[in-house]
Every structure is written in C-alpha cells, then in structure tokens.
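Colleague: Could you work out the structure for the sequence below:
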Amino acid sequence: MDNYEEEIERSHRSFRPRAVDFREIVRSELGSQRNVGEQTRTKVTQREFSGSGMIATITRLCYGTLNEKRACIIVFEFFFRWSRDDYQFRHLEAEISFGPRSKSSKTQNVKYPVVRNLSPGKAYGIPNTNGKKWSIRVEQQCGVPSHAIAPDKLGQKAFEEAHRVEILGRRWSDSRRRDFHKACWTINEVGTPNYGIPDEFKLAVLVEYEDVFDADLRMTVDVPFHRRLQGFPWPADDPILFTPKGPGTVIGEPLSTTRFETLSDAEWELLVSDTKKTAPIPISHHTEGRAPSTNHMTYRVQGIPKEHLPDIAKFLREVLELSGDSTEIRVGSVAADLEHQDEIVATVNCSRIESVLDSSDQWHKALPANTDGTRLAKRSYIALDTKFHDFTPFTAPEDHLLDIIAISGLGGHAFGSFKERNGSHMWLRDDLPFDFPRARILTYGYDSKLKGSQSFQDFEAIASTFCQSLKIARPKSPDGKPNDKPIIFIAHSLGGIVLKQALIQMADGDNKDKKNSQLTRGILFFGVPSQGMDITSLLAMIKGQVNEQFLNMLGPNSSVLRNQQREFCAKFSSEACKIMSFYETELSPTIKEGNDGWRMNGEPAILVGQSSATLGSRAWETSLTHNLSPNVLISTAT
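Modeller: Numbering: from 1, shown residues only. Just a heads-up that it's a prediction; the model follows:
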C-alpha cells in the first residue's frame, strides 16, 4: 500500500473514537471560528489539522429569567477526532467570556453579562464496558456547581482514582470586573494515560444579561506537535445567540420552565447528561400540525422492573395513578431492555394516560416504594415518551435467530411511519412477529423533522450515532462469545441514506463494526433517494432554517449522494447480503401551505423516481415494483 492509500485508510479510521496511548504532550491553542451565514450559526468552532479535528456547537439556547432578571441557558457540545493510533487528547481547557455588544471606553455604563451558574462544577468519568471509548453522554456522572459528586462508600481518594477523567468548572472575571463574566472548565485524564479525554461532552452555563451580548470561546488542548491557532470572538452578526427577543427556546428542546431559579439540581445535571440513561427533563415540545387522536397515541415505557411482567397494565395503572380497571391500558408489545436485562420496554395505548401527563413528549414517573421507604427496583422511575428515538425492541426472544431492524425516514417517526393512518395497528409490532417468531424486531428513530427544526446534523453524524447504538444493542453473549446473529434492515426514505453511510463507516470501524457489517444479510430499501428526490415543496416549508443545507443534499442529482453510492458499492460488496429496492408507481401529493398550516394536498408528483430509488441496489440486485402509499416517503407532521 503506497503512502496515499495509507493516508486515506488512516483518515477513515480517525472518524471513530478509540483508546490510544498518549506519548507526547505539546501545548497547542485552538480558538473559535466565525459562523458562515445563517446555515451554521449554531456551529461555534470547527478546526481540522493534520487529520485531527474539533467541533464545538450550541445544542440548546433557552431565554428566560433568573429572579426576575433576564437570563439565558446555553449548552455547548464538543466533539474531537484524532487521526493517529498512538495519540489522543488528554487535557483540555475551555474559557467562555461574555461581554456587552459594545465594549468601547465611551460606554462606561454598559453592564457586562454575569455568569450565575455552570455545569458540571465537578464531575468524574469512567470507561464503558469494553474500555474502548470515553463518552460523557454514556458513562459520565455529572454534578452541579454547588457540590462535588459524592464518593458513596469509597473514600474520596479511592473514588477519584477509580474515575479516570475529571471535569472541573469555575466562574472567573478579569481584574477590572466586579462580577464573574467567564465560565472556565479544565478536563484531565487522571493517572497513567490510557484512554484520553472524552471524544464528546457537554457544558452548560447560565448567563444573566441586560441587553444583546457577545461571547468569546478559547480552548487549549494538548497535541503531539507544535502548532498555535489563535482564537477570536464569535461574530456580532449572529441573531440567534446575541439578540434575545423574550422568554423562549431558540435552539434545542425547551426546558420545563423559563424561570431558571426553579430548576432543580437534577435538571441542571441533565443539561449535560444523556437523557436516555437518566430521568429525562420534563420539557414542553411543540408538535406541528394535526395532533394525533388520543385513542391512537402510542407510548414507549422504559424501566419497567421485570417482576411486573405478568401484569404490566396493572403496574402502569398504579404508577400513573389511573383509576378504573387496568384493561383501559392496552399493552401492544413487551420486550427485554437492550442494555438492562432486568428491565422491560413496552409500548402501550391508553386514552386516559394524557389526563395525568403534561403536554410534553417525554416524562418520568417515580416507582412506588416499600413501607420501609426502600425502592422495589434499582431504578427509581419509569420513563415514558412518544419520540421513539434510538432503538425500541418490540420482540426479544431469548433464543432469537436474527435481528430485523427498521429505520424511519425523512420527517418520519420510528413508530408512526410504520403504523396505519388514524389507527393503532403497527405492522412491525402486530404482524411481523407472527411471520418471524424467532426474530428480534426493533425500530430505530432519530430527529428528522423538517418544519421548525434547529438541527444542523448531517447524515454522516446520524449514521455515526446509529453505529454506536447498534453495537450497544448487539452485545456479546453471556458466555463472552461475539454476537453472530444475522441482521435484516428495513430502511425507509432518508433511513436508507443513513444506513448506507453507516455501512460505509462500519467497513472502516472497529471489530464490532466490521462484524455487524458482515452479518448484514438482507436490506429492503423503500423509496430511498439514492440519486436525490424532488424537494421543491419541502424547501418552501423550511426556507431560512438551519436544516435547509441538509435538505439540499437530498435534492435531484446530488453529488453528495452520488459519491456515497460509489463508496457504498465499493465498501459493501458482499454477495451474502441481498438488497431489494422498492419504488413509487403513482403520483404522491406534495406539501402545500394553507390557512391551517402545511398539508400534503399540493400538486401530485413523483417524489423519488425509479432510477433514484433503485440505484441503492448493487449491479446484481433485484428491484421490485411496489405501489407505495403517498405518505410512505415523507411522513412529516402536517
């Protein structure tokens, strides 16, 4: 292999985090870069150097009040990539300095913003089960600034030695400033370098302000070569971060309140934690368009103790404090949790659940306690949601022979995209198990909504998250042997693009990734726009949003999709896997704005043509004609 090929191979490998040895420490300063237009205003920094890189983003921006004064909460998320197998970042310093828009000497009365709180204040991280990856969202325990993480029964020294990464946060100010106007964090690997600092983590800050304000992010990381990149302030022309227009959420999911003094320690902790692993923050989430019928609303319930398997309906009635007979709750599916075998995941329908829940789309409810106050289970709550993000198992036989995994599409929903209209029948859950009784059947969901989206993610990022989740969903057997169960994927619309990108990434991934790729034995592509699709009506709906650039990549004759298809055919060439592509044979209504919002009653069109829908197959594959429903390709909430 020549040097060029080696560089390409090393570049591909660098996209996945790994445990490496850090053998040299040289200080290099990295700073923020200017946002580029409206499309990237939530991306604070992206720096690439010699195959390595770092990205800093704003994933949540909420305006409100703190003790009746104007304030906002900002959550930053950081991502790191390292190109060499023998190095990894092991130390980072981040400083965010806030100031008024005008800082000239002529404006002596201009008041600086004040940093009132930050998270985490002190936190520790431990590696995951295979010891190969750091991730705050999965392994990191995060504390709020008022106290350190409790060492439990360990002594403080033993506790700190057992947790291999530490995060220390503090407020700071210049000598000329009376109040704190800076938020600073130091992240270190503790002890002998083995893993480096996390590849991903979040930091949150609460800022009190009087008027529009500015910010300057500066970061310093240790890298194994001499290079200094000077940071500079974010631009003054970004309306999202610097020009508040009253209480409300600009980026990300809203909080339960805009009165920030009422936020609990637990809610502060969850700002920088993974809500899939902990009790979710009760948030208010706006759902566009027509609200689903209450009788047909399906809830995913996680964290049900396994001992309640004989009568889950009765258990839920008690936890949710529903009066009446337990048969009011219809349990649609029951399966073992993918990570916690002593817990159950269920899907349920009940017209009366909404009466005891608020207007959010995810909730947590405390489990009942024994008379002595002890809990009946390890977890102290169950989690309910209607989003169905990440994996949801419908069946999980102990002796299952294969995995069938469905991936939803553009503007879709991991449950609703496979459900009958105005009904509760869902064929993956209610039909497929009878045809494949020894298959484990799952769906995978992610944020793909169009209207009102604040997400700037691309399908490479979605695919990377999917690959990591798939490895968690397919652990080793109890005797330590690798999971050798074959996989069949059902990919719908954008879900097919995500799947192809995931299989490309698996080809250059670790052993688990390669194994999952090799065990993929069947793929069903439903209306997957491998050569692009008609996005004319959709562009009108999302004009000016941060996801407009993402949608353009799915347009007709997309060079991004052409390049992906070439790479997919080159890297996923196994004839052991059969791919079948389905395409539309009838015109579908397009989306159109009316007095009551956006509806799919516009001029009919072919959204994904035959050539585009069948290009996902390899040269020897079969394309099937299938009369797809008008709502199959785009399931936007209209």
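Colleague: Point out where the stretch 101-250 of the chain drops to low pLDDT.
Modeller: 102-110, 124-164, 191-195, 222-242, 245 (pLDDT under 70).
Colleague: Try it again at 90.
Modeller: 101-112, 117-170, 172-180, 185-202, 210-250 (pLDDT under 90).
Colleague: What of the stretch 401-550 of the chain?
Modeller: 409-413, 416-427, 430-437, 447-461, 475-483, 493-494, 526-550.
Colleague: the strands in it, which residues?
Modeller: Per DSSP state E, counting those that start in this stretch, the stretch 401-550 of the chain carries strands over the ranges 402-407, 439-445, 487-492, 520-526.
Colleague: What helices and strands are in contact with the lengthiest strand in the chain?
Modeller: Using DSSP state E to define each element, the chain has its longest strand at strand 52-66. For strand 52-66, the packing partners by 3 or more Cβ pairs under 8 Å, 6 or more residues apart in numbering; DSSP states H and E come out as strand 43-49, strand 69-81, strand 200-208, strand 213-223, helix 239-242, strand 248-251. Bear in mind the C-beta positions are built from the backbone N, C-alpha and C, glycine included.
Colleague: Only alpha carbons, please: show that strand as PDB.
Modeller: C-alpha atoms of strand 52-66 as PDB (Å, rounded to 0.1, in the frame of the first residue of the first chain):
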ATOM      1  CA  SER A  52      -7.400  15.600  13.500                       C
ATOM      2  CA  GLY A  53     -10.200  17.900  14.400                       C
ATOM      3  CA  MET A  54     -12.500  19.500  16.900                       C
ATOM      4  CA  ILE A  55     -16.100  20.900  16.600                       C
ATOM      5  CA  ALA A  56     -17.900  23.000  19.200                       C
ATOM      6  CA  THR A  57     -21.700  23.500  18.800                       C
ATOM      7  CA  ILE A  58     -24.600  25.100  20.700                       C
ATOM      8  CA  THR A  59     -27.200  22.400  21.200                       C
ATOM      9  CA  ARG A  60     -29.600  24.300  23.500                       C
ATOM     10  CA  LEU A  61     -30.300  28.000  23.900                       C
ATOM     11  CA  CYS A  62     -33.100  29.000  26.200                       C
ATOM     12  CA  TYR A  63     -34.000  32.500  27.200                       C
ATOM     13  CA  GLY A  64     -35.900  33.300  30.400                       C
ATOM     14  CA  THR A  65     -35.500  35.000  33.800                       C
ATOM     15  CA  LEU A  66     -33.400  34.400  37.000                       C
END
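Colleague: That one to strand 200-208, inter-axis angle?
Modeller: Per axes from the mean of the first three to the mean of the last three Cα atoms, to 10 degrees, the angle that strand 52-66 makes with strand 200-208 is 30 degrees.
Colleague: and strand 52-66 with strand 213-223, angle?
Modeller: Using the same axes, to 10 degrees: strand 52-66 against strand 213-223 is 150 degrees.
Colleague: picking that back up, for the helices and strands packed on strand 52-66, which one ends up most surrounded?
Modeller: Of all those, strand 200-208 carries the top mean neighbour count, a mean of 23, counting by mean count of other Cβ atoms under 10 Å.
Colleague: Taking strand 69-81 as reference, get the angle to that one.
Modeller: Going by the same axes, to 10 degrees, strand 200-208 makes 160 degrees with strand 69-81.
Colleague: Walk me through which strands strand 200-208 pairs with, and which way each runs.
Modeller: Strand pairing for strand 200-208, using DSSP bridges, gives strand 69-81 (antiparallel), strand 114-119 (antiparallel).
Colleague: For Ala414, find the nearest of those.
Modeller: With Cβ to Cβ, the closest approach to Ala414 among the strands paired with strand 200-208 belongs to strand 69-81: 22.7 Å.
Colleague: still on that earlier bit, take the strands paired with strand 200-208 and write them to TSV, including distance to Ala463.
Modeller: Below are those laid out as TSV (distance: least, Cβ to Cβ, whole Å):
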stretch	distance to Ala463
strand 69-81	14
strand 114-119	29
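Colleague: of all those strands, which lies closest to Lys476?
Modeller: Closest to Lys476 of the strands paired with strand 200-208 is strand 69-81 (Cβ to Cβ; 26.9 Å).
Colleague: Tell me which helix or strand comes right after the closest one.
Modeller: As assigned by DSSP states H and E, the chain's next helix or strand after strand 69-81 is strand 91-100.
Colleague: Which secondary structure elements does that next one sit against?
Modeller: The contact analysis (3+ Cβ pairs under 8 Å, 6+ apart) places strand 91-100 against strand 182-189, strand 200-208, strand 213-223.
Colleague: Now distance to Gly248 too, for these, in TSV please.
Modeller: Shown next, in TSV, are the helices and strands packed on strand 91-100 (distance: least, Cβ to Cβ, whole Å):
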stretch	distance to Gly248
strand 182-189	22
strand 200-208	16
strand 213-223	17
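Colleague: Compare the ones you listed and give me the one nearest Leu524.
Modeller: That would be strand 200-208 among the helices and strands packed on strand 91-100, by Cβ to Cβ, at 31.8 Å.
Colleague: then the closest one to CSV, C-alphas only?
Modeller: Extracted C-alpha coordinates of strand 200-208, given in CSV (Å, rounded to 0.1, in the frame of the first residue of the first chain):
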residue,chain,number,x,y,z
GLU,A,200,-17.8,14.0,23.2
PHE,A,201,-19.1,16.1,26.1
LYS,A,202,-21.4,18.9,27.0
LEU,A,203,-21.0,22.0,29.1
ALA,A,204,-23.8,24.4,30.3
VAL,A,205,-23.8,27.9,31.5
LEU,A,206,-26.5,30.3,33.0
VAL,A,207,-25.9,33.9,32.0
GLU,A,208,-27.7,37.0,33.4
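Colleague: List phi and psi for Trp268.
Modeller: phi -60, psi -40 (degrees, to the nearest 10).
Colleague: cool, Thr614 as well?
Modeller: Per-residue torsions, Thr614: phi -100, psi -10 (degrees, to the nearest 10).
Colleague: Now distance to Glu269 too, for the helices and strands packed on strand 52-66, in a markdown table please.
Modeller: Formatted as a markdown table, the helices and strands packed on strand 52-66 follow (distance: least, Cβ to Cβ, whole Å):
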| stretch | distance to Glu269 |
| --- | --- |
| strand 43-49 | 23 |
| strand 69-81 | 12 |
| strand 200-208 | 10 |
| strand 213-223 | 23 |
| helix 239-242 | 24 |
| strand 248-251 | 19 |
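Colleague: So for Lys122, which of these sits nearest?
Modeller: Closest to Lys122 of those is strand 200-208 (Cβ to Cβ; 12.9 Å).
Colleague: following the helix or strand that contains Glu593, which helix or strand comes up?
Modeller: Element membership for Glu593, per DSSP H and E: strand 592-594. Remark: after strand 592-594, the chain's next helix or strand is strand 597-599, criterion DSSP H and E.
Colleague: buried stuff in that next one?
Modeller: Under the neighbour-count criterion of 16 or more other Cβ atoms under 10 Å, strand 597-599 has Trp598, Arg599 buried.
Colleague: what does stretch 111-124 give?
Modeller: So for stretch 111-124, counting by 16+ other Cβ under 10 Å, buried means 112-124.
Colleague: from what I can see Pro169 touches Phe180, true?
Modeller: I think there's a mix-up here, since residue 169 is Gly and not Pro. No: contact criterion Cβ atoms under 8 Å: Gly169 and Phe180 do not qualify, at 11.8 Å.
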